[in-house]
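Novice: below: sequence and its predicted model.
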Amino acid sequence: MSHEFIADEIEDINRATIYRILNQFCEDGLAHKVIVENGKQFFALCRNCGTEDHHHNHLHFQCKKCNQVECFKSEVNISLPEGYRVENFNGLVSGLCNNCLAA
Ligand SMILES: [Zn+2]
Ligand SMILES: [Zn+2]
Ligand SMILES: [Zn+2]
């Protein structure tokens, strides 16, 4: 077994473990998932969701330059036709963040 192989193996185990923990956080309401344009998943901590008015219908912003993903606090009003119910909202906006624009 080469040294590289062991390193790869460990990294894979860690990734799977971290992924499982993060998914558990989501189920426990401690974190929420953000799926971005390339299908990659990001996790955001729910303490950013606001404590008294906890909602996940907010926009996520992905910066094309630094790839940073962030949560926007303000709630998005989703109006669906009669008889529909929202269970998940994955609103992603991409562009340039204020840091990259200022640079
Ligand atoms: Zn939340
Ligand atoms: Zn940026
Ligand atoms: Zn969020």
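Specialist: Arrived safely, thanks for sending. Ligands and ions are numbered 1, 2, ... in the order given.

Novice: where does I18 land in three-state SS?
Specialist: Under DSSP: H, G, I helix; E, B strand; the rest coil, the three-state class of I18 is helix.

Novice: which bits of this structure sit near ligand 1?
Specialist: H32, C46, C49 (CB under 5 Å from the ion). Any C-beta I mention is one placed from the backbone N, CA and C, and that applies to glycine too.

Novice: bridging residues for the first one?
Specialist: Read that as H32. Beta-bridge pairing of H32 under DSSP bridges involves A44.

Novice: in the one helix or strand F61 maps to, which residues are buried?
Specialist: Assessed by DSSP states H and E, F61 sits inside strand 58-63. For strand 58-63, the neighbour count (16 or more other CB atoms under 10 Å) marks H58, L59, H60, F61, Q62, C63 as buried.

Novice: now V34, what are its backbone angles?
Specialist: Main-chain dihedrals, V34, degrees, to the nearest 10: phi -130, psi 120.

Novice: what's near enough to touch it?
Specialist: The contact partners of V34, by CB atoms under 8 Å, 6 or more residues apart in numbering, come to Q41, F42, F43, A44, H60, V69, C71, N90, L92.

Novice: between these, which has the most around it?
Specialist: Neighbour counts for the contacts of V34 (other CB atoms under 10 Å) peak at H60, which has 21 neighbours.

Novice: how much space between that one and ligand 3?
Specialist: 5 Å (CB to the ion, to the nearest Å).

Novice: likewise E4?
Specialist: Distance from E4 to ligand 3, by CB to the ion: 37 Å.
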